[in-house]
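Asker: Sequence and computational prediction follow.
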Amino acid sequence: MRLTPRRTLLAAGIVALVLLLCLFRFRDAVLWHLGDMLVKSEAPQKSDMVEVLGGDYLGNRILKACSLIQQGFAPQAILTGEGGFYGVHEGEIELDFAARRGCRKEALTVFPYASLSTVDEVEHLVPELRRRGVHKLLVVTSPGHTGRAARVFQRFAPEIEVRMIASRDPFWNNGYWWKIREGRKRWLLEVTKRVADFFGI
């Protein structure tokens, strides 16, 4: 049977309607996978050092690093991040925050370079890791950031065995990021950053 323009349009409309109904019916599963594709979280293993990536203003990353040290996965952590907090490096703020919560201050080292992005952070940190003889590294960051950060480390330090450790992030909401406004903002920002990283922007 030959399709007339009207029948073609009707068929396209029916297909679109079915797809929309399926998307609505399975939206939670679809949205979960859209978030999960950003995550690369691994089990910790005995390592030379923990790296705490900057950008967490709730303290969850540094507390996760302290927990890893206390459990014996690594003897120390290095703290990187931004430097523009009223003239104070993010790592210094983390250091005081962790010490007030029982983390051994001597197990934490601030890397004072004022980074502006994950690429900037890793690019300047890697020579320091090599200088310290780090071969195995645990990298702590928020769940949605783990996948992109892993690729950045692979690009700049392929010889270092890196394991990504996801810290707690209440806005990621245990993978149900779309149910919280801040979670939706984080997902969109991370997707944007991932595309930018892919194109080298």
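Answerer: Received, thanks. Numbers count the residues shown, from 1 in each chain.

Asker: mind showing which ranges of the protein have poor pLDDT?
Answerer: 1-8, 10-11, 13, 15, 17-19, 21-25 (pLDDT under 70).

Asker: what about residue 43, which SS state?
Answerer: Here residue 43 is recorded as coil under DSSP: H, G, I helix; E, B strand; the rest coil.

Asker: What number of residues are in the vicinity of it?
Answerer: By other Cβ atoms under 10 Å, the residues close to residue 43 number 7. (C-beta placed from N, C-alpha, C; glycine too.)

Asker: List the residues that contact residue 84.
Answerer: residue 114 (Cβ atoms under 8 Å, 6 or more residues apart in numbering).

Asker: Tell me the spacing between the most centrally placed residue in the chain and residue 36.
Answerer: In the chain, the residue lying closest to the centroid (Cα atoms, centre = their mean) is residue 145, at 1.6 Å. Using Cβ to Cβ, to the nearest Å, residue 145 is found at 14 Å from residue 36.

Asker: Ends of stretch 52-70, what's the gap?
Answerer: 15 Å (Cα to Cα, to the nearest Å).

Asker: Going by neighbour count, list what's buried in it.
Answerer: 52-56, 59-69 (16 or more other Cβ atoms under 10 Å).

Asker: Quick check: nearest residue in space to the residue nearest to the centre of the chain, chain neighbours excluded?
Answerer: residue 190 (6.5 Å; Cβ to Cβ, 6 or more residues apart in numbering).

Asker: my guess is that neighbour contacts residue 35, does it?
Answerer: No. Residue 190 lies out of contact with residue 35 (Cβ atoms under 8 Å); the separation is 9.0 Å.

Asker: tell me, what's touching those two both at once?
Answerer: Counting by Cβ under 8 Å, 6+ apart, the common neighbours of residue 190 and residue 35 are residue 144.

Asker: Pull the contacting residues for residue 193.
Answerer: 118, 148.

Asker: In which helix or strand does it reside?
Answerer: In the assignment (DSSP states H and E), residue 193 maps to helix 181-198.

Asker: count of neighbours near the spatially closest residue to residue 72 that is not a sequence neighbour?
Answerer: Spatially, and ignoring its direct neighbours in sequence, residue 72 is nearest to residue 46 (7.5 Å; Cβ to Cβ, 6+ apart). Residue 46: 9 surrounding residues under other Cβ under 10 Å.

Asker: for the one 3 residues further on, same thing?
Answerer: When neighbours are counted by other Cβ under 10 Å, residue 49 registers 23.

Asker: gap between it and residue 101?
Answerer: 20 Å.

Asker: which strand residues sit across from residue 114 in the sheet?
Answerer: residue 81 (DSSP bridges).

Asker: How about the contacts made by residue 191?
Answerer: Counted by Cβ under 8 Å, 6+ apart, residue 191 has contacts residue 38.

Asker: where's it relative to residue 148, distance?
Answerer: 10 Å.

Asker: hey, what's in contact with both of these two?
Answerer: In contact with both residue 191 and residue 148: residue 38, using Cβ under 8 Å, 6+ apart.

Asker: how is this structure carved up into domains?
Answerer: Annotated domains of the chain cover 5-30, 49-198 [automatic domain parsing].
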